[in-house]
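Colleague: whatever this is, show me its structure:
(3 chains)
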Amino acid sequence: MASRRRKKRKVFSPVYLTLVLIILYLPILMVVIYSFNSGRTIGAWQGFTTNWYTRLFNNALMADALKNSLILAGLSAGFAGVIGTLGAIGLAHGHIRGGNVIESLATLPMMIPELVLGMAYLAVFTAVGFKLGMTALVLTHTTFCVPYVFINVKSRLVGMDPAIEEAARDLGASPMRVLRDITLPLIMPAVVSGMMLAVAMSIDDVVISFFVTSAETTTLPLKVYTGLRSGGTPEINALSTLMLGAIFIVVGLSQLLRARSDKKLYASK
Amino acid sequence: MDEAMSEVLLSLKHISKNFGEGDVLSDVSLDVRKGEFVTLLGASGCGKTTTLRIVSGLETPDTGEVILNGKDMTDLPPESRPVNTVFQSYALFPHMNVEKNVAYGLKVRKMDKAAQAARVKEMLELVQMSEYAKRMPAQLSGGQRQRIAIARALAPQPQLLLLDEPLGALDLQLRRQMQVELKRLQQALGITFIYITHDQEEAINMSDRIAVMKDGKFEQLGTPEEIYDRPKTRYVAQFIGRSTILEGRVRCVSGSTAVIENENGLFTADSTEASLRAGETCEVCVRTERMRASKTPVEGFNIPATVREARYAGGSVLTYVNLKDGTEVVAEGVERMCDAAQPGDTVYMHWNPAQAAVIGGASHGA
Amino acid sequence: MAHNRTLEKADARRNMLFVLPMTLFAVVLVALPLIYVLGTSLVESGQDFSLGATFTLNNYKSLLRADYLQVFFNSLKLAFFTTVLSFIIGYPFGYCMARASRGWKALLMMLVIIPFWTSALVRIYGWKILLQANGPINAVLRSLGLIEKNIKFLGSYGSVLLAMVYCMISFMILPCHSAVDKMDFTLVEAARDLGSKPWKAFIDVTLPLTMPGILAGCVLVFVPSVGIFYLADIMGGGLVLVGNLIRDQLLKVRDWNTGSAMSMVLILITAGIYLVYRKSGGDDLGVF
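Modeller: Purely as a prediction, here's the structure:
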């Protein structure tokens, strides 16, 4: 009986995991497959073509949206990387008065609905006469990217043996030298993976971008959104596939990097 | 004592430290001589680590001074002190290999590359880790990390090496082996060590002097023999070794001998140091291995007891007895089981008064 | 050691400098906009939030309309069902994942995290393709002879719920997984050893011990579910949620004051749930 029970569990677990994973990936796969559908609408399958990709690449507006998205993601992840990392180092050991308040405020964008944040930005920017467009996009994206870097880096710092930094000072390194030689190299994997998540968040963002962008500045997800609201076309599929590819690469790389550095630094033997 | 002869390297003067929840250290003073091996011994939370961190500069005292080689270092940051630490967690830099770890203290001091390499090689040879130079810390065992931590701390040639429970994470066998090696290293290099442990055996085996700490104060500072044979307080007596503490009232004193009595009987103590007076109460500490149980009373002692059990403990027999008031006492001495007393026998406890310590005369105020 | 470390205190000045940019962002781009929304919600309709504006609670009172309340109720109901379904599907997944071997665990983790970070928009679009009238699911059902006419999935409550669960389930799987992963399974063995049946041991030991993870997962699913706005749009069916309502107030009706009041209510619901969760001993919620 015991062996039958064990067998039952052995079968259930992989079957269930596989089933859920299939459901998780099936829609994503559909988007990719239908980007090669030769039909004009997304409806029934009508044969293979790479036509939509060619059209996409020849579309100047698309090229512009792509350029905007990349610049936006690069800049916001970059700024968020610097701001979040510095903030995490500053707040890691909790000696700053009001540190908790700063931390809660800075990570608040993760908790409140994007819609509310988006409308708040639109309201304030309009009220103070701040021009909507790329600058506004970069500022707002940086704001909602900071928490991802901050939390990642801070948890790494908190998990670090404080004696490691102390040992460096004990051996004669000045505080700045400790930061350069010890702290930064040790948190770098967390910084990079946090920044990659930031890239993923920025490249995907619809809601906040929707509110703070100007008519002449558009991004890939905004293109997808407008395309979808009008029903969806294979061209939108092609665009989505490219976005998916980019995210897969970014997230995959960040996970790989994290696993590798963890293995190198913390696994014994 | 040779205190006056050898030079004082480090002196802590009236150090106090408070982290906001009561004093961690209160008015601690200590002189450490060049080449000396001083151990701070105490239970966790007694302030020994804080004392060490104040010496290294990782902590600053609220009041008091840290003087090294005659210079006041109290306000110097750790990087400016010729003192290095071996941390309890080893604190090896996980992103640097063994070689780079050991070289770090030399690199930040801008020693030239060739000299650095030579010194690293020398250090790794010293701790017998030469073949591990390129390994990462994660690839080393606990004992190996320990050696690298020591090599790294010794590389910059500190005047004083601080060791914070360096053997705490090792298993017993490795611990014993490292005790011997560390002591040998210290003697060979002639470097002054301040060593922290909560293991009394380790402290006694390795130290020139031991400071027993409790609640942020030194209970007693002395050589291992003094600490073991002449504990000054009940805490020291109980913390180190196994012993029986007997309380009593001094009945009379003649010369250096005091006769003390309590509800269990009557015994003799050496009054030379304690200068006991008739009528006062005192405590006498007798080490288990010096406590004897014989079948007939011995002169100067009359403490009858009932044997509960006798147990062979390898090399000697431990006799567990109950005194009149029920107090349990263990005596050592008989070497073979066949010589041991039987359960139920009446025996008489005694010891050599010169080997017992009077810890609490009224004149000591303890 | 929980001591203050003197060195760190000495570094406080440097740390202050480091925290400065983040503080600036937190104040200017998080606190101020939210305060502005709060202000706008508290002044007379048609006025901007400024010194001369007239204070009023009318914007909040105007929310007490049957149709508006219905919308809030719709959102809460959808969020509730989403949370329950996510738990039913996500907990066993997190459990199986935690009990898998080390190598598999890392792979599974990666497989769960990747969709988590990909655009929800694109993933919902995938469902739209699957579920459309002449799409793959109908095609499969037809070829199996199970149906004769294409079923109209899109626009139904079920299709919206499906998409919601699909978007949110990672938030449930990850905390449940880490709770099961951290649990000491010798406790279950002890319960079994004491004569407990497997199912009973699960109810008595595993479930209570993994409760913090479950609660965290529920909050992480429920909170964003209340505020989601484009999902029901794309799946069709005309289900009006708080998100749609707010968007329409802003962009169609152009009544910023009422829109702000709605946003504040949404924030209050979110904050309320979070507070109750923390008060009842919930863990801090970070990213994973």
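
Colleague: number of nearby residues for the closest residue to A:Val192 other than its chain neighbours?
Modeller: Leaving aside its sequence neighbours, A:Val192 sits nearest to A:Leu257 (CB to CB, 6 or more residues apart in numbering or on different chains; 5.9 Å). (C-beta placed from N, C-alpha, C; glycine too.) By other CB atoms under 10 Å in any protein chain shown, 16 other residues sit near A:Leu257.

Colleague: and what of B:Ala258?
Modeller: B:Ala258: 28 surrounding residues under other CB under 10 Å.

Colleague: A:Val82 too?
Modeller: Neighbours of A:Val82 using other CB under 10 Å come to 17.

Colleague: ok, A:Thr213 touching A:Leu222?
Modeller: Yes. Distance between A:Thr213 and A:Leu222: 6.7 Å, which falls inside the contact criterion (CB atoms under 8 Å).

Colleague: for the closest residue to A:Phe48 other than its chain neighbours, grab phi and psi.
Modeller: Spatially, and ignoring its direct neighbours in sequence, A:Phe48 is nearest to A:Phe36 (5.2 Å; CB to CB, 6+ apart). Taking degrees, to the nearest 10, you get phi -100, psi 10 for the backbone angles of A:Phe36.

Colleague: so how far is C:Gly272 from A:Phe36?
Modeller: Distance of A:Phe36 to C:Gly272, given as CB to CB, to the nearest Å: 47 Å.

Colleague: looking at these two, which one has more neighbours?
Modeller: Higher neighbour count among A:Phe36 and C:Gly272: A:Phe36, with 18 against 10, using other CB under 10 Å.

Colleague: low-confidence ranges, chain A, go.
Modeller: Within chain A, the ranges that satisfy pLDDT under 70 run A:1-10, A:94, A:263-269.

Colleague: send the alpha carbons of stretch B:186-202 over as PDB?
Modeller: Backbone C-alpha positions of stretch B:186-202 (Å, rounded to 0.1, in the frame of the first residue of the first chain) are rendered in PDB as follows:
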ATOM      1  CA  GLN B 186      52.200  32.700  18.400                       C
ATOM      2  CA  GLN B 187      55.400  31.600  20.100                       C
ATOM      3  CA  ALA B 188      57.300  31.300  16.800                       C
ATOM      4  CA  LEU B 189      56.300  34.800  15.600                       C
ATOM      5  CA  GLY B 190      56.400  36.500  19.000                       C
ATOM      6  CA  ILE B 191      53.200  38.400  18.200                       C
ATOM      7  CA  THR B 192      50.900  39.500  21.000                       C
ATOM      8  CA  PHE B 193      47.500  37.800  20.900                       C
ATOM      9  CA  ILE B 194      44.300  38.800  22.500                       C
ATOM     10  CA  TYR B 195      42.100  35.800  22.300                       C
ATOM     11  CA  ILE B 196      38.400  35.400  23.000                       C
ATOM     12  CA  THR B 197      36.800  32.100  23.900                       C
ATOM     13  CA  HIS B 198      34.000  30.800  26.100                       C
ATOM     14  CA  ASP B 199      35.800  27.500  26.400                       C
ATOM     15  CA  GLN B 200      37.700  27.300  29.700                       C
ATOM     16  CA  GLU B 201      39.800  24.400  28.700                       C
ATOM     17  CA  GLU B 202      41.000  26.300  25.600                       C
END
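
Colleague: let me see the mean pLDDT of that stretch.
Modeller: Taken as a whole, stretch B:186-202 has a mean pLDDT of 93.

Colleague: what residues does that stretch touch?
Modeller: Here stretch B:186-202 makes contact (CB atoms under 8 Å, 6 or more residues apart in numbering or on different chains) with B:9-10, B:32-44, B:48-49, B:52, B:55, B:154, B:158-168, B:175, B:179, B:203, B:206-207, B:239-241.

Colleague: now which of those residues would you call buried?
Modeller: B:9-10, B:32-33, B:35-42, B:48-49, B:52, B:55, B:154, B:158, B:160-167, B:175, B:179, B:203, B:206-207, B:239-241 (16 or more other CB atoms under 10 Å in any protein chain shown).

Colleague: can you give me the helices in chain B?
Modeller: Assigned by DSSP state H, the helices in chain B fall at B:48-56, B:98-107, B:113-126, B:142-154, B:172-189, B:200-206, B:224-229, B:234-239.

Colleague: using CSV, please lay out those together with distance to A:Arg229.
Modeller: Listed next are these as CSV, based on distance: least, CB to CB, whole Å:
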stretch, distance to A:Arg229
helix B:48-56, 63
helix B:98-107, 57
helix B:113-126, 65
helix B:142-154, 60
helix B:172-189, 69
helix B:200-206, 75
helix B:224-229, 84
helix B:234-239, 78
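
Colleague: how many neighbours does C:Thr210 have?
Modeller: C:Thr210: 25 surrounding residues under other CB under 10 Å.

Colleague: chain neighbours aside, what residue packs nearest to it?
Modeller: Using CB to CB, 6+ apart, the nearest residue to C:Thr210 is C:Ala179, at 4.1 Å.

Colleague: element containing that neighbour?
Modeller: Per DSSP states H and E: C:Ala179 is located in helix C:157-182.

Colleague: closest one to C:Tyr157 among the helices of chain B?
Modeller: Closest approach to C:Tyr157 among these (CB to CB): helix B:142-154, 60.1 Å.

Colleague: that closest one to helix B:172-189, inter-axis angle?
Modeller: Inter-element angle recorded for helix B:142-154 and helix B:172-189: 20 degrees (by axes from the mean of the first three to the mean of the last three CA atoms, to 10 degrees).

Colleague: could you verify my assumption that B:Arg119 touches B:Leu106?
Modeller: Yes. Counting by CB under 8 Å, B:Leu106 is a contact partner of B:Arg119 at 5.9 Å.

Colleague: compare neighbour counts for these two and give me the winner.
Modeller: In terms of neighbours (other CB under 10 Å), B:Leu106 is the more surrounded of B:Arg119 and B:Leu106; the figures are 24 against 20.

Colleague: count of neighbours near the residue nearest to the more buried one when sequence neighbours are not counted?
Modeller: Nearest residue to B:Leu106, sequence neighbours excluded (CB to CB, 6+ apart): B:Gln116, at 4.6 Å. A count of nearby residues for B:Gln116, using other CB under 10 Å, gives 20.

Colleague: got the contact list for the residue nearest to B:Met291 when sequence neighbours are not counted?
Modeller: Nearest non-adjacent residue to B:Met291, counting by CB to CB, 6+ apart: B:Ala331, 4.2 Å away. Contact partners of B:Ala331, counting by CB under 8 Å, 6+ apart, are B:288, B:291-293, B:318-319, B:321, B:347, B:349.

Colleague: switch those over to a markdown table; also include distance to B:Pro304, pLDDT and neighbour count.
Modeller: Formatted as a markdown table, the contacts of B:Ala331 follow (distance: CB to CB, whole Å; pLDDT from 0 to 100; neighbours: other CB atoms under 10 Å in any protein chain shown):
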| residue | distance to B:Pro304 | pLDDT | neighbour count |
| --- | --- | --- | --- |
| B:Thr288 | 19 | 88 | 15 |
| B:Met291 | 14 | 90 | 23 |
| B:Arg292 | 14 | 89 | 19 |
| B:Ala293 | 10 | 88 | 26 |
| B:Leu318 | 19 | 89 | 19 |
| B:Thr319 | 14 | 90 | 26 |
| B:Val321 | 9 | 92 | 26 |
| B:Val347 | 7 | 91 | 20 |
| B:Met349 | 8 | 92 | 26 |
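
Colleague: distance to B:Ala305 for those residues - can I get that in CSV?
Modeller: Below are the contacts of B:Ala331 laid out as CSV (distance: CB to CB, whole Å):
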residue, distance to B:Ala305
B:Thr288, 14
B:Met291, 10
B:Arg292, 11
B:Ala293, 7
B:Leu318, 14
B:Thr319, 9
B:Val321, 4
B:Val347, 6
B:Met349, 6
